[in-house]
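*Asks:* what follows is a predicted protein model with its sequence.
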Amino acid sequence: MSEAEESDQRRLARNLNELLQELRVAQAGVQILFGFLLSIAFTGKYASVSGYIRITHLVTVLCAAVAVAFLTAPAAWHRVLFRQGRREEVVRSGNTFALTGLAFLALAMTGTVLLLAEVILGGWPAVVVGVLAFVVFAGLWFVLPIASAHGAQDGERS
């Protein structure tokens, strides 16, 4: 194996390790959230909540489930493909899965905040709190990093 091939393989191994470490953090949080959301449906008070709350709850649970699926997919892909020399494909697909999983996690977190705000505040103030939660998650997790990347690219061109 040439020096360039070896360093390329080391880079891929490092990228895969970093990806899997980052996903461990997100996976733990989304799995705890998912369990919490599932337990809500089995409380006594749930039977008397409005259809709006039930639909919001279901959509939030589904977003959390999709987030779990996408955030755990890179580990599954690695396990299935690691002996086939397809590490580059695992890293590339894993990045897409991680970003998609984070998007659904942001939606699940937004839905959870909205549900809590509905119980505490109700009405339009709850919707405002939900929208603010969405803005915070979308801003910190996607808008600011993308803007930073574009800013860095613009700086390189100057």
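*Replies:* Thanks, I have it.
*Asks:* who does the lengthiest helix in the chain touch, helix- and strand-wise?
*Replies:* In the chain, with assignment by DSSP state H, the single longest helix is helix 3-40. On a contact count with 3 or more CB pairs under 8 Å, 6 or more residues apart in numbering; DSSP states H and E, helix 3-40 meets helix 51-81, helix 87-120. For every residue, glycine as well, the C-beta is placed using N, CA and C.
*Asks:* what is the first one packed up against?
*Replies:* Read that as helix 51-81. Applying 3+ CB pairs under 8 Å, 6+ apart, we find helix 51-81 packed against helix 3-40, helix 87-120.
*Asks:* buried stuff in that helix?
*Replies:* Under the neighbour-count criterion of 16 or more other CB atoms under 10 Å, helix 51-81 has 53, 56-57, 60-61, 63-68, 70-75, 77-78 buried.
*Asks:* next, the angle from the longest helix of the chain to helix 51-81.
*Replies:* With axes from the mean of the first three to the mean of the last three CA atoms, to 10 degrees defining the directions, helix 3-40 sits at 150 degrees from helix 51-81.
*Asks:* who's in contact with A138?
*Replies:* Each residue near A138 by CB atoms under 8 Å, 6 or more residues apart in numbering is listed here: A106.
*Asks:* and the most centrally placed residue in the chain, how far from L58?
*Replies:* Among the residues of the chain, the one closest to the centroid is L102, at 1.8 Å (CA atoms, centre = their mean). Note on L102: its distance to L58, by CB to CB, to the nearest Å, is 21 Å.
*Asks:* I appreciate the help and will end here.
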